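> please work out how this folds:
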Amino acid sequence: MTYGGTGSASPNYDVYLRGTDGSPPVRLGTGAGLALSPDGRWVASLLFGPPPEIVLLPTGPGEPRRIRQHGFSAFVTVDFHPDGRRLVLVAYKPGEAPGVFVLDMEGDAAPRALSPPGYDFSALSPDGSWVAARSTDGKWWLIPVDEGEKRVVSGVLNGEWVVGWSADALAIYVCRLERVTKVYRVHLDDGARALWKEVTPLDPVGAQTAWLHVAPEANAYVLYSRRLLSELYLVEGLK
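Numbers count the residues shown, from 1 in each chain. Coordinates of the predicted model:
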């Protein structure tokens with residue numbers, strides 16, 4: 001899944017779905033693709049607005065579904081809950097710092113805040129029980145989606161990002177986004193760290209790792225990198 005594809009004429013970008021078999025990408029609609037539903041039937045797409053909106057684009061037959069905006073002024077991350085009826089998101093309310101919310105896609109009920117304002121990124125566990133969220137002071141927290149108390153995650157170093165969960169939800173994958181990115185598996189019970197993999201773009205010249213995601217089974221990962229190339233000139237004889 002990607003957005004802003006070559007030749008896109010939409011000011012809100014375009015969302016495409018592409019298989020891993022080498023088949024050509026299929027345009028699904030307008031927006032920035034944020035998440036694929038667990039059953040593979042929907043893509044959550046962000047229309048930047050104003051006001052910003054989340055639209056569910058079908059990957060097969062069907063019509064797009066607009067999610068009620070509920071007065072949010074911006075969206076940061078969006079995840080489908082495994083129950084198929086909720087979204088877990090980081091979003092801004094007007095005049096507030098971002099926070100973590102859970103939103104029922106089917107009804108008109110107001111979003112339920114999972115955190116106070118001051119959390120700018122989140123990653124939902126595969127079983128939908130926990131959100132790993134970063135507070136604006138750089139700490140990572142485990143926040144329950146339904147019941148329980150939030151707690152600080154030990155074993156995550158300053159400047160690292162959570163880029164995946166283990167399938168059993170007992171560990172997370174973390175890294176700093178660097179040209180050679182070292183990804184660590186951190187156990188949530190005691191904070192123990194172990195190097196999982198070093199990831200490097202195929203062509204490292206001018207490459208900058210922008211994002212990385214590890215699959216829950218740890219048998220695959222997705223790397224998004226940018227290339228910034230420049231030329232160096234030597235000028236002689238200047239006076």
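
> what's the burial count for the closest residue to R68 other than its chain neighbours?
Counting by Cβ to Cβ, 6 or more residues apart in numbering, R68 lies nearest to D108, which is 6.4 Å off, once chain neighbours are set aside. Just so you know, the C-beta spots here come from the backbone N, C-alpha and C atoms, and that holds for glycine as well. Neighbour count for D108, taken as other Cβ atoms under 10 Å: 7.

> wait, doesn't D108 sit right on I67?
No - D108 lies out of contact with I67 (Cβ atoms under 8 Å); the separation is 10.9 Å.

> quick revisit: for the residue nearest to R68, give its distance to P94.
The spacing between D108 and P94, counted by Cβ to Cβ, to the nearest Å, is 20 Å.

> what does A123 give?
A123 sits 25 Å away from P94, going by Cβ to Cβ.

> between these two, which one's more packed in?
A123 (22 against 8).

> helix, strand or coil for the more buried one?
Classification of A123 using DSSP: H, G, I helix; E, B strand; the rest coil returns strand.

> what sits against it?
By Cβ atoms under 8 Å, 6 or more residues apart in numbering, the contact list for A123 reads 77, 79, 131-133, 162-165, 172.

> most neighbours of all those residues, which one?
Going by other Cβ under 10 Å, A133 tops the contacts of A123 with 28 neighbours.

> isn't that one up against V90?
Yes - A133 sits in contact with V90 when judged by Cβ under 8 Å, with a separation of 7.3 Å.

> which neighbours do those two share?
Common neighbours of A133 and V90 (Cβ under 8 Å, 6+ apart) are 100, 119, 121-122.

> find the pair from the residues you listed with maximum spatial separation.
V100 and F121 (9.3 Å; Cβ to Cβ).

> the more surrounded of the two?
Shown here are V100 and F121; by other Cβ under 10 Å, V100 has more neighbours (29 against 17).

> OK, contacts around that one?
Taking Cβ under 8 Å, 6+ apart as the test, what V100 contacts is 88-90, 113-115, 119, 122, 131, 133, 143.

> again, only this time at 10 Å
76-77, 88-91, 111-122, 124, 131, 133, 141, 143, 145, 150 (Cβ atoms under 10 Å, 6 or more residues apart in numbering).
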